[in-house]
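Asker: Got a sequence here, can you build the structure:
(2 chains)
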Number of protein chains: 2
Amino acid sequence: MAIEQALEELHNLLGERLTRAKSELDTHSHSESWFPSTPPDAVAYPVSQDEVRRLVQICARHACPMIGWGAGTSLEGHGLAVRGGVVVDFARMNKVLEIRPADMDVTVQPGVTREALNEELRATGLFFPVDPGANASLGGMAMTRASGTTTVRYGSMRDNVMGLTAVLADGRVIQTGSRARKTAAGYDLTALMVGSEGTLGLVTELTLRLHGIPEATSAGVCAFERIEDAVACVIETIQMGIPMARIEFIDAATVRAFNAYAGADMPEAPHLLVEFHGSPDSVAQDADRFGEIVADHDGSPFQWSTREEERRALWAMRHNGYYAILASRPGARAIVTDICVPISRLAQAVKETQYDIAGSTIPGPILGHVGDGNFHAILLIDPDQPAELAEAKRLSAAMADRALRLGGTCTGEHGIGMGKTAFMRAEHGDGWDVMGQLKATLDPRNLMNPGKLVP
Amino acid sequence: MAIEQALEELHNLLGERLTRAKSELDTHSHSESWFPSTPPDAVAYPVSQDEVRRLVQICARHACPMIGWGAGTSLEGHGLAVRGGVVVDFARMNKVLEIRPADMDVTVQPGVTREALNEELRATGLFFPVDPGANASLGGMAMTRASGTTTVRYGSMRDNVMGLTAVLADGRVIQTGSRARKTAAGYDLTALMVGSEGTLGLVTELTLRLHGIPEATSAGVCAFERIEDAVACVIETIQMGIPMARIEFIDAATVRAFNAYAGADMPEAPHLLVEFHGSPDSVAQDADRFGEIVADHDGSPFQWSTREEERRALWAMRHNGYYAILASRPGARAIVTDICVPISRLAQAVKETQYDIAGSTIPGPILGHVGDGNFHAILLIDPDQPAELAEAKRLSAAMADRALRLGGTCTGEHGIGMGKTAFMRAEHGDGWDVMGQLKATLDPRNLMNPGKLVP
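Answerer: Numbers count the residues shown, from 1 in each chain, chains lettered A, B, ... in the order given. Okay, the predicted model is just below:
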């Protein structure tokens, strides 16, 4: 059999670093979501770009699917070997290759996680800002065009990947972009690869933008009676040009879960959590000006601090929000939705979603990156009740439809994978066929992460 | 003949708005650069997306090349009909379709110029920041991935085009992106189209990000003895996180030209021109902190002001730099080069370029967007001396080689067109072939702006 032949040659190339051990296949058979477990035929652990290139050549020769794997934190089944083949786990390509402080950029292998990178950067005064919550690998983050709490200030992976090296399906190695801050030299292949979910090639190196660790940070929290007021407050802050580093929304149900989880007693109302980066003077001014806008929109007094322990407590709440929500229904599994709309439509989108969830059989607290118009309902289902999974899928589909109706997108940051292909036609029309044509051009035999993203 | 047949059908579609008048063909036969004049077979002035779609269908049926035309300010011959065909001039598709202040975005037709857009935005408190100098059309700016003096703060067209509508070579109309601030929904077709120089389709609508007009602006100027000090000062400012809205470099030769042109008496040394946007307090603080960094790097005292007339005088100097340089050699024609390097290599790149030009037979003052590592030598040639054009091409090629050697790109903002294809293999390797494959997939008969960008 062709795949068996590929595995034999891969074993010759990688030795013990090609494994078919059951535990390894199991680990790489499921994601952090509801998709059925689908073990690959083998797991490969390359250590160099040249090994990846030779691996791709072997797989291409024997028509063996290749599926990239980072930290396994994807939420849309990106890493699942739905047509068999080899999962290429980049865990051993985890070196920070070169940090260039004067240029504020860094070149890394794809298996470096964002936390590991920031650890290595600590002495430089620089940091990598994209923070999707999970300690994802930078290769995985590039492939899903990840973003998160700091995107409103620092951008997403789209904005922070300057260039990359990729092995294409035919074994060619291309280097995209450059270390210049901008370029007008031809098609933007970097942007084509970022967000391509491993369907066009395997990334072996990334050059990323870094940012200066702010001299000072202020952060604070405030409550609103109505979601509309919270959103209006955010719109006005953006229009005033007050540079928010984070601006997060949590709804009353999330606060309730957090109160129960952490023994807190926050008012059960919509909240904004905000952070400013800058000089000691500027972050104080930004917080004061934001506080005035909050007051104008009937928010509770904006309580803020520049003290690190208070800021940490605030963001621990946000980062633990997911676990607090999970704990609110013991034994439940979370289906995490992810839509993004123009910010003027955000209040409407959240309220319609809350109404839908309130009328359903399952709970679904809401939190999100309000500065980007992106939010998630954490739908909690009993994994033993197929009807609840069906209900969650129905709610999720309704959210995607809503996002498109309001001028937005079916996924702000989690990607398409297997979970969102059903909405691609509605979102992109003939553009989805164009994506399929591009895929067929660069991977005519559909060996790179088949079954994801394209028609 | 096939093109004659196409023109007849186009005449039926467009009436007088398809013209073969000699004056029109002449106007659309040359660019602001040294390329030989190449008149198209006709010029079309569509007024709607549907007309563009039908125009493309007619041209496709008869294999007639289609070349988009904005304001004609491209510097690399993008709009030249080197294989004949129809120039599609978007001058009559110049409507601002919808301004959405709450979302800080706008949808425009491609023929709107950046100045016209900012005029229409005046009452909203918002502006569109990308400023390449010329009053280019927004469609043309998107197609060349334009940037300019404000890119260090607000990004280039890559960052400010949220989505677009394009008619592909086969007549399909695709809408890319969305009005959401971010999306992870499939391949980034917006980024693929931005910078594609009309080789993949004709753009009929653009949705652009807007920014708040800053409450306050400070701007100033300072001189340095050595370019290295000016660049070190900029690097430190960026690392400190002081948000510059513009940071421009002009060399001693440019100052000399400006002094002669405007009767000024600035010291003939490298200068930085800087601008900060923010609140009255923050722009004063930013200017003060910048002034301290300048002093640390042996710069002349940083003289700054928030008064509009003084700021206007400063930027008039920068914007008139090109004309001052042109006037420094009466009768000369300018060949404008455009490389971009990592900022740590900028001083080296500028000095090597100055050395090269000093050893050549033609003058070439240098100015650029130092915050992005992007600069231009304005090579002044006598149009009647072919040897001078050859010398300018030699210097330009040496600059491109230098940029690539230093980790940069052969064009920071002017694009490839006809002028830079010779450097694409060196810059992109097999990636250039990938661009060719993408082009062949979407435009297999090479009808969209043939002879540009791809192999």
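Asker: Assign A:A334 to one of the three secondary structure states.
Answerer: strand (DSSP: H, G, I helix; E, B strand; the rest coil).
Asker: Enumerate every residue touching the closest residue to chain B within chain A.
Answerer: Nearest residue of chain A to chain B: A:A191, at 3.2 Å (C-beta to the nearest C-beta). In short, each C-beta sits where N, CA and C put it, glycine included. Counting by C-beta atoms under 8 Å, 6 or more residues apart in numbering or on different chains, A:A191 touches A:158, B:158, B:188, B:191-192.
Asker: same check, this time on A:L126
Answerer: A:99, A:101, A:104, A:210-213, B:239.
Asker: Please narrow those to those residing in strands.
Answerer: A:99, A:211-212 (DSSP state E).
Asker: tell me, which of those make contact with chain B?
Answerer: A:211-212 (C-beta under 8 Å from any C-beta of the partner chain).
Asker: Go through the ones in strands among the contacts of A:L126 and name the one nearest A:D131.
Answerer: Closest approach between those and A:D131, by C-beta to C-beta: A:H211, at 11.9 Å.
Asker: residues near the closest one, how many?
Answerer: A:H211 has 19 neighbours, counted by other C-beta atoms under 10 Å in any protein chain shown.
Asker: what does the one 4 residues further on give?
Answerer: Close neighbours of A:E215, defined as other C-beta under 10 Å, add up to 16.
Asker: ok, it touching A:S279?
Answerer: Yes: using C-beta atoms under 8 Å, A:E215 is in contact with A:S279, at 5.3 Å.
Asker: Looking at the residue of chain A closest to chain B now. What's its pLDDT?
Answerer: On the pLDDT scale, A:A191 is placed at 98.
Asker: For it, what is the enclosing helix or strand?
Answerer: Using DSSP states H and E, A:A191 falls within helix A:189-193.
Asker: hang on, the earlier thing: in TSV: the ones in strands among the contacts of A:L126, plus pLDDT.
Answerer: Below are those laid out as TSV (pLDDT from 0 to 100):
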residue	pLDDT
A:I99	98
A:H211	96
A:G212	94
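Asker: Name the SS class of A:Q5, please.
Answerer: With three-state DSSP as the basis, the three-state label of A:Q5 is helix.
Asker: Tell me how far the spatially closest residue to it that is not a sequence neighbour lies from A:R445.
Answerer: Nearest residue to A:Q5, sequence neighbours excluded (C-beta to C-beta, 6 or more residues apart in numbering or on different chains): A:H62, at 5.1 Å. Going from A:H62 to A:R445 by C-beta to C-beta, to the nearest Å gives 11 Å.
Asker: Compare the two and say which one has the larger neighbour count.
Answerer: A:H62 (18 against 12).
Asker: does the more buried one really touch A:A6, like I thought?
Answerer: Yes: counting by C-beta under 8 Å, A:H62 touches A:A6, with 3.7 Å between them.
Asker: helix/strand/coil for A:T107?
Answerer: Going by three-state DSSP: A:T107 is strand.
Asker: Check for me that A:S396 belongs to a strand.
Answerer: No: per three-state DSSP, A:S396 lies outside any strand segment and is helix.
Asker: quick one, what contacts it?
Answerer: A:335, A:337, A:377, A:379.
Asker: Repeat the analysis, applying 7 Å as the threshold.
Answerer: A:335, A:337 (C-beta atoms under 7 Å, 6 or more residues apart in numbering or on different chains).
Asker: State the pLDDT value of it.
Answerer: 97.
Asker: Nearest the middle, which residue of chain A would you pick?
Answerer: A:A146 (3.5 Å; C-alpha atoms, centre = their mean).
Asker: gap between that one and B:K22?
Answerer: 55 Å.
Asker: Between the two ends of stretch A:299-312, what distance do you get?
Answerer: 22 Å (C-alpha to C-alpha, to the nearest Å).
Asker: what does stretch A:44-55 give?
Answerer: Span of stretch A:44-55 from end to end, C-alpha to C-alpha: 9 Å.
Asker: how far is it from where the chain is centred?
Answerer: In terms of C-alpha atoms, centre = their mean, to the nearest Å, the centre of stretch A:44-55 is found 25 Å from the chain centre.
Asker: For that stretch, give me every contacting residue.
Answerer: A:10, A:13-14, A:17-18, A:86, A:88-89, A:91-93, A:165, A:167, A:171, A:173, A:202, A:204-205.
Asker: That one: which residues count as buried?
Answerer: A:44-47, A:49, A:51-55 (16 or more other C-beta atoms under 10 Å in any protein chain shown).
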